[in-house]
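# Give me coordinates for this.
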Amino acid sequence: MVRISAGMLVLLGLAACGSGVTPGSVEEDNAVDVGISAFKDVCLASAPSFANAAELAKRYSAQDWMDLGEAKVSMTKDRSLSVQIKPNKECAITTQMRPGEIVHVQFMNAVIAATNSPAITVQTPNPFVAILGGRKYTFTHNRSGGEAYVMAPKR
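Next comes the predicted model:
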């Protein structure tokens, strides 16, 4: 059995996506980045079990999955987006580095919308805890070498 930590999954995704700065789909302040869209449509939508996350990720062309024991990883053919899933434990989306702060604002707004939490703001410390579907999750936006959007049930 292979054990992959949450940090390792994020690093695998960031390494797969590369760390070059590209504008991606954040061309305007009001355009939602593809990584944020994937986080909402895959991670937030499949919580708490993340059981159907792989199926939902097909919408983003993540189809060929690498099995890493209890974790699964997939990326787009152009390696611009990756999805990491540990059923019942974690879901993460990684993309290449995006310029500016707009993706962080979009990440926070996605979590705020999903959790209906007025206590969360764009200035909330990172990582932070929020409740989704009656369950507490730790949410993280890691910008080291790329963009990683991560959620994991709080233990």
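# low pLDDT regions in this structure?
For the chain, residues meeting the criterion pLDDT under 70 lie at 1-30.
# Name the residues that touch the lengthiest helix in it?
Criterion DSSP state H: the longest helix present in the chain is helix 102-115. By Cβ atoms under 8 Å, 6 or more residues apart in numbering, the surrounding residues in contact with helix 102-115 are 26, 29, 32-33, 35-36, 39-40, 44, 117, 120-122, 124, 130-132, 139, 141, 143, 147, 149. Where you see a C-beta, it was placed from the backbone N, CA and C, and this is true even at glycine.
# If we ignore the residues flanking it in sequence, what's nearest residue 75?
Among residues not flanking residue 75 along the chain, residue 82 sits closest, at 3.9 Å (Cβ to Cβ, 6 or more residues apart in numbering).
# would the one you found count as being in a helix?
No - Residue 82 sits outside any helix when classified using DSSP: H, G, I helix; E, B strand; the rest coil, being strand.
# which ones among the contacts of helix 102-115 are found in strands?
Members of those lying in strands (criterion: DSSP state E): 130-132, 139, 141, 147, 149.
# returning to what we had before: got a quick ChimeraX command for the buried subset of the contacts of helix 102-115?
Burial among the contacts of helix 102-115 is assessed by 16 or more other Cβ atoms under 10 Å; the matching ChimeraX selection reads:
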select :26,32,33,35,36,39,40,44,117,120,124,130,132,139,141,147,149
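# What are the buried residues along stretch 68-76?
68, 71-76.
# Neighbours of the residue nearest to residue 75, how many?
29 (other Cβ atoms under 10 Å).
# Dig out what it forms beta bridges with.
residue 75, residue 94 (DSSP bridges).
# host element of residue 72?
In the assignment (DSSP states H and E), residue 72 maps to strand 71-75.
# Distance from that strand to the middle of the chain?
Centre-to-centre, strand 71-75 and its host chain are 12 Å apart (Cα atoms, centre = their mean, to the nearest Å).
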